[in-house]
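1. Give me the fold of what follows.
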Amino acid sequence: MKKTKYKWLSLLLVVFVMAGCSNNTGTTSSSDKTDNEVQDGGTLNIAFQSEPTTLDPQITGNSSVKDATRSIYEKLVILDDSGNVVPDLAEKIDVSEDKKVYTFQLRKGVKFHNGQEMSADDVEASINRWIKLSSLGKTNFIGAIVKKTGDYTVELHLKTPNVNTLALLADPIPAAVIMPKEIIENAPDEGATEYIGTGPYKVKEWKQNQYLVLEKFADYSSDGRELKKEPHLDEIKISFITDESTRISGLTTGQFDIALGISSDNAQQVEGAQTATLESAPGGFLGLFYNSQEGFFKDLNARKAVNAVINAEDILSSSYGSSDFYELTSSIVNKQFPNYYSEAGSSEYNQHDQDKAKQYLKEAGYKGEEIKILTSRDYQDQYNTAVVVQQELEDIGVNVKLEVYDWATFGEKLTDTSSWDLYPVDWAARSTIFQGFWTSYGAPVEESTKYLEAIKAADNVEDARPAIDAAQKYVWDTLPFTLIGHKVALNAVTNKVDGYEFNLGPVFYNISLKNN
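-> Residues are numbered from 1 along each chain as shown. Coordinates of the predicted model:
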């Protein structure tokens, strides 16, 4: 199986960027091209396993939103193909001696899709909204503000130094993208309804429940940037195909050029067709999240009961099959990213102890009330997890109801914490704990914040180690979620595609199509 390179992002890299920007002019092209092999133009057809809930990537950690919008919008800084943070819409970055003020000199002449030139007004409005609404902003930039200091200059003022500042602004999920000021000012907190960015592709048509079409932005240029984006294609058509067999069938018949979300069960089928390659990369962790704000799981003993009974290996094998496609680990960050890997609290992991679970249920005062598990078939691993957890809980006498919805409805249901008790979900791969995974729906933010604050106040990774272990232990002590394990992400790419990349998610803007 062909393996893509893992994307590393460490605190040290951020420090290097602070010291000064590299002069490298690397591109993200994944292979050499010749005129005989590659042509500009054409339509790239991609099969997504679910429809994005919005095309506003500032407000959500939904992977489908991230993958669909990375070609539409851009940020001040970006991760290159080695995981370094480099300037993007910013041309130059200066950091004050006390590391509380970041000054961004913006590129001139950058156009939005509506023809308007990007200015400091747009950046000020966009980043301040991201700080207010995004999970990254709310947990890492408390009290921070962006101020315009010139037509093409803005300053980010922090209350306290944060060694992860540039990494957070470069992260693709939720993304600190830049939109026109007037769109930001009119956008509801639930998501913008006008989708105007500066990226290499712009929105042409979004036919909900069917497809999204992006078209090449004629005025786009990445000249002068360290990370090149080359929109070779005329269009990118993203079809929403929840059924995996249909995605694979479309891949083999030529309907699709890329199919996302291939399960381990179908890996052999894709490779056997010899017309496509499986691309693998860190897939992030699978977790079971509790509604600890209201209802039965507000009681820690109730959460401990579920955590005690779970057999992580049974869940992971039911979801991913062979152990080649998952890893049993208690660490939030996979060991492939050793800076943040931690085994603190590991004694609470994968206990599968029914007697212990029953005792916790008794201490929580369980009296047979119905427990609702929310899930979606659009992500088969999450659905399989819900089914196994339902059975494990029923085996210790818990009355469980499985509520299954399409992905968009699932997302809507999560916002009403009175309507559910548990939900399984997988988080996109991350190489640090800056995100605060436990700040999802149903889990209070305040308690976790102090652990994130301790990490980001460190001068380097070595100094952050005690805080990293403390954050990891906090998760296992208080159980805002139960970590089940880590998965491997699999996407299928046909042989006619050139330039496919994976950088904390698939990247489409440098792709071209080979002549047949």
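2. which of the residues in stretch 335-350 are buried?
-> Judged by neighbour count (16 or more other Cβ atoms under 10 Å), stretch 335-350 contains these buried residues: F337, N339, Y340, Y341, S342, A344, G345, E348, Y349, N350. Glycine gets a C-beta too; all of them are placed from N, C-alpha and C.
3. Just the mean pLDDT for that stretch, thanks.
-> Averaged over stretch 335-350, pLDDT sits at 88.
4. go on, stretch 376-394?
-> For stretch 376-394, the per-residue pLDDT averages 94.
5. buried set for that stretch?
-> 376-390, 392-393.
6. What of stretch 201-221?
-> Here stretch 201-221 shows Y201, K202, V203, W206, Y211, L212, V213, L214, E215, K216, F217, Y220 as buried, counting by 16+ other Cβ under 10 Å.
7. Just read off the phi/psi values of the last one.
-> Looking back up the chat, that one is Y220. Dihedral angles of Y220 (phi, psi; degrees, to the nearest 10) stand at phi -80, psi 140.
8. Would you state the strands of the stretch 351-500 of the chain in chain order?
-> Under the criterion DSSP state E, counting those that start in this stretch, the stretch 351-500 of the chain contains strands at 370-376, 399-405, 422-426, 481-494, 497-498.
9. my guess is S263 contacts D381, does it?
-> Yes. S263 lies in contact with D381 (Cβ atoms under 8 Å); the separation is 7.4 Å.
10. Mind listing the shared neighbours of the two?
-> Y320 (Cβ atoms under 8 Å, 6 or more residues apart in numbering).
11. Between the strands of the stretch 351-500 of the chain, which one is closest to T432.
-> Nearest of these to T432, taken as Cβ to Cβ: strand 481-494 at 14.9 Å.
12. Who are the packing partners of that closest one?
-> helix 244-253, strand 258-259, strand 276-290, helix 300-309, helix 312-320, strand 326-327 (3 or more Cβ pairs under 8 Å, 6 or more residues apart in numbering; DSSP states H and E).
13. deepest of those, which one?
-> Mean neighbour count (mean count of other Cβ atoms under 10 Å) peaks for strand 258-259 among these, with a mean of 27.
14. quick revisit: could you tell me which of the buried residues of stretch 376-394 belong to helices?
-> 380-390, 392-393 (DSSP state H).
15. Switch the residues you listed over to JSON lines; also include distance to L479.
-> As requested, those are exported to JSON lines (distance: Cβ to Cβ, whole Å):
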{"residue": "Q380", "distance to L479": "25"}
{"residue": "D381", "distance to L479": "21"}
{"residue": "Q382", "distance to L479": "19"}
{"residue": "Y383", "distance to L479": "22"}
{"residue": "N384", "distance to L479": "22"}
{"residue": "T385", "distance to L479": "16"}
{"residue": "A386", "distance to L479": "18"}
{"residue": "V387", "distance to L479": "21"}
{"residue": "V388", "distance to L479": "18"}
{"residue": "V389", "distance to L479": "14"}
{"residue": "Q390", "distance to L479": "19"}
{"residue": "E392", "distance to L479": "16"}
{"residue": "L393", "distance to L479": "15"}
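16. Closest one to T193 out of those, please.
-> Q382 (28.0 Å).
17. Grab the nearest non-local neighbour of that closest one.
-> P424 (4.8 Å; Cβ to Cβ, 6 or more residues apart in numbering).
18. Tally up the residues packed near the nearest residue to Y340 once chain neighbours are set aside, please.
-> In this structure, Y340 finds its nearest non-sequential neighbour in V333, 4.0 Å apart by Cβ to Cβ, 6+ apart. Neighbours of V333 under the rule other Cβ atoms under 10 Å: 24.
19. and V333, that one's in a helix?
-> No. Read with DSSP: H, G, I helix; E, B strand; the rest coil, V333 is coil and lies in no helix.
20. what two of the ones in helices among the buried residues of stretch 376-394 have the greatest distance between them?
-> Q380 and L393 (20.3 Å).
21. Could you check the pLDDT of W8?
-> 31.
22. To clarify, my last question referred to N516.
-> The per-residue pLDDT of N516 was computed as 59.
23. now do N23
-> 33.
24. measure stretch 473-485 end to end?
-> Start to finish, the residues bounding stretch 473-485 are 16 Å apart (Cα to Cα, to the nearest Å).
25. buried ones in it?
-> K473, Y474, V475, W476, T478, L479, P480, F481, T482, L483, I484, G485.
26. Just put those in TSV and tack on pLDDT and distance to S280.
-> Output for the buried residues of stretch 473-485, formatted as TSV (pLDDT from 0 to 100; distance: Cβ to Cβ, whole Å):
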residue	pLDDT	distance to S280
K473	94	31
Y474	91	31
V475	91	27
W476	95	28
T478	92	33
L479	93	30
P480	90	29
F481	92	25
T482	95	25
L483	95	21
I484	96	19
G485	95	16
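27. Output stretch 206-224 as CSV, nothing but the C-alphas.
-> Extracted as CSV, the C-alpha positions of stretch 206-224 are listed here (Å, rounded to 0.1, in the frame of the first residue of the first chain):
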residue,chain,number,x,y,z
TRP,A,206,-23.9,24.1,-4.3
LYS,A,207,-26.9,21.8,-4.9
GLN,A,208,-27.6,20.5,-1.5
ASN,A,209,-27.8,16.7,-1.0
GLN,A,210,-26.2,16.3,-4.4
TYR,A,211,-23.0,18.1,-5.2
LEU,A,212,-20.7,21.2,-4.9
VAL,A,213,-19.0,22.6,-8.0
LEU,A,214,-15.9,24.8,-7.6
GLU,A,215,-14.5,26.7,-10.6
LYS,A,216,-11.1,28.1,-11.2
PHE,A,217,-10.6,31.7,-10.0
ALA,A,218,-9.2,33.5,-13.0
ASP,A,219,-7.6,36.3,-11.0
TYR,A,220,-5.8,34.0,-8.6
SER,A,221,-2.0,34.0,-8.2
SER,A,222,0.3,32.5,-5.6
ASP,A,223,3.4,34.3,-7.1
GLY,A,224,5.8,35.3,-4.4
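28. Nearest to F104, out of the ones in helices among the buried residues of stretch 376-394: which one, please.
-> Within those, the smallest distance to F104 is 37.9 Å, found for Q382 (Cβ to Cβ).
29. give the contact list for that closest one.
-> L286, S319, T375, S376, P424, V425, D426.
30. How about the second one, nearest residue that isn't a chain neighbour?
-> Meaning S319. D381 (3.8 Å).
31. Hmm, that neighbour is touching S317, no?
-> No. Using Cβ under 8 Å as the test, D381 is too far from S317 to be in contact (11.1 Å).
32. Quick one, grab the pLDDT at the most far-flung residue of the chain relative to its centre.
-> Distance from the centre of the chain peaks at K367, with 38.0 Å (Cα atoms, centre = their mean). Per-residue pLDDT puts K367 at 95.
33. That one and E294: what is the separation?
-> Separation of K367 from E294 (Cβ to Cβ, to the nearest Å) stands at 17 Å.
34. for E182, same thing?
-> 38 Å.
35. can you check P57 too?
-> 29 Å.
36. Give me the neighbour count for the residue nearest to N311 when sequence neighbours are not counted.
-> Sequence neighbours aside, H352 is the residue nearest to N311 in space, at 3.8 Å (criterion: Cβ to Cβ, 6+ apart). Using other Cβ under 10 Å, H352 has 15 neighbouring residues.
37. One more: K228?
-> 15.
38. wait, it sits on N510?
-> Yes. K228 lies in contact with N510 (Cβ under 8 Å); the separation is 7.5 Å.
39. Tell me if I'm right that the residue nearest to Q382 and G287 touch.
-> Yes. Checked against Cβ under 8 Å, the pair P424 and G287 is within contact range at 7.0 Å.
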